[in-house]
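# When you get a sec, could you give me coordinates for this:
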Amino acid sequence: MNSVTLNNGVTMPQLGYGVWQVENELATKVVLEAIEVGYRSIDTAMIYRNEKGVGEAIKQSPVPREELFITTKVWNSDQGYENTLRAFEESIERLGLEYVDLYLVHWPAPKFDKYIDTYKALEKLYHDGRIKAIGVCNFEIEHLQRLLDECEVVPVLNQVECHPYLTQTELKSFCAEHNIFVEAWSPLQQGGEVLQLDVVQNIAKKHHKSSAQVIIRWHLQNNTIVIPKSVTPSRIQENFDVFDFSLSDEEMNLLSELNRNERKGSNPKDMHVC
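You can find the predicted model right below:
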């Protein structure tokens, strides 16, 4: 299992398991499955409504808590300093944990203009030792720059939609300049059109791997943290079996050249849903 060292010295698995759109009861089952396979990083959020299920899996797992890396997030409707502090307490209560390893601002929601106060609440929780690391999701360069200008703690990562149709090259360069990791959500692209492309399937055949494994490997070799999601046991296993092969520079470039700057998810500048 590959790990990365975040800008505050905390170590995080580079490959994790995401539980977006996984119902609460099912979350317990599939997170236990993922931990058994070897995943040690689990990514949830308040809005996923499965923190309780994830927490139950952590409780039932034979793997010690300190060997797991748990991420959750504050939602748009909970933004603001005091609201965020309250939302965090509610999240850890649902999770049944004393601390989380990573707490993220889920969206900048610039229309509300509360993400600076929200992040300052994360800074307090971080300084109080309730969180091992803090970061953001779906922040564009302008949002990150304002955060860097007005806040004290540099976010350890920015979790964004990223896949071969949306390589986020400019954003990744900015993050690299400021020692901020990029973490890919929807790493296999919602709908999976990328997986069906001839170029991807040809690379997969060459390595005797699946298209999904090739794309996950592409993320890893791009120094991106990645959190694929599946509720199918065979795919949970398959998505983890990506450390026994490497893509060539030519193959990496072929995949990167697929970029269309095409989102499947919301645009961060327009996302204000509560």
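# tell me the pLDDT at the closest residue to Asp117 other than its chain neighbours?
Nearest residue to Asp117, sequence neighbours excluded (CB to CB, 6 or more residues apart in numbering): Tyr81, at 4.4 Å. (Glycine included, C-beta is placed from N, CA and C.) If you check Tyr81, the pLDDT there is 98.
# Please enumerate the strands of this structure.
Along the chain, counting by DSSP state E, strands occupy 3-5, 11-13, 17-18, 41-43, 69-74, 100-105, 131-137, 157-161, 181-185, 225-226.
# Ser211: which of the ones you listed is closest?
strand 225-226 (14.7 Å; CB to CB).
# Now for Lys209: which residues touch it?
Residues near Lys209 by CB atoms under 8 Å, 6 or more residues apart in numbering: Arg217, Val242, Phe245.
# from those, which would you call buried?
Taking 16 or more other CB atoms under 10 Å as the criterion, what is buried in those is Arg217, Val242.
# Isn't Lys59 up against Leu97?
No. Between Lys59 and Leu97 there is no contact under CB atoms under 8 Å: 9.3 Å.
# which one of the two has more residues nearby?
Leu97 (20 against 12; other CB atoms under 10 Å).
# Give me the pLDDT value at that one.
Per the predicted model, pLDDT is 98 at Leu97.
# mind checking the backbone torsions on it?
phi -120, psi 160 (degrees, to the nearest 10).
# contacting residues around it?
Gly55, Ile58, Arg65, Ile70.
# With Thr224 instead?
Cys162, Lys172, Phe181, Val182, Glu183, Ala184.
# where in the stretch 151-274 of the chain is pLDDT low?
271-274 (pLDDT under 70).
# returning to that earlier point: just confirm the residue nearest to Asp117 contacts Ala121, I think it does.
Yes. Applying CB under 8 Å as the test, Tyr81 and Ala121 come out as touching, 4.7 Å apart.
# So which of the two has more stuff around it?
More neighbours surround Ala121 than the other of Tyr81 and Ala121, with 25 against 16 (other CB under 10 Å).
# Excluding chain neighbours, what is closest to the more buried one?
Here the residue nearest Ala121, using CB to CB, 6+ apart, is Thr84, at 3.7 Å.
# quick one: the one you found from Ile227, how far?
22 Å (CB to CB, to the nearest Å).
# OK, contacts around Asp78?
Met46, Thr84, Arg86, Ala87.
# among the contacts of Thr224, who's most crowded?
Among these, Glu183 has more neighbours than the rest - 30 neighbours, counting by other CB under 10 Å.
# beta partners of that one?
Gln159, Ile225 (DSSP bridges).
# before we move on, back to that, the contacts of Leu97 into TSV, with extra columns for distance to Lys209 and pLDDT?
Listed next are these as TSV, based on distance: CB to CB, whole Å; pLDDT from 0 to 100:
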residue	distance to Lys209	pLDDT
Gly55	33	97
Ile58	30	97
Arg65	33	97
Ile70	29	98
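# Just the buried subset of those residues, please.
For the contacts of Leu97, buried by 16+ other CB under 10 Å: Gly55, Ile58, Ile70.
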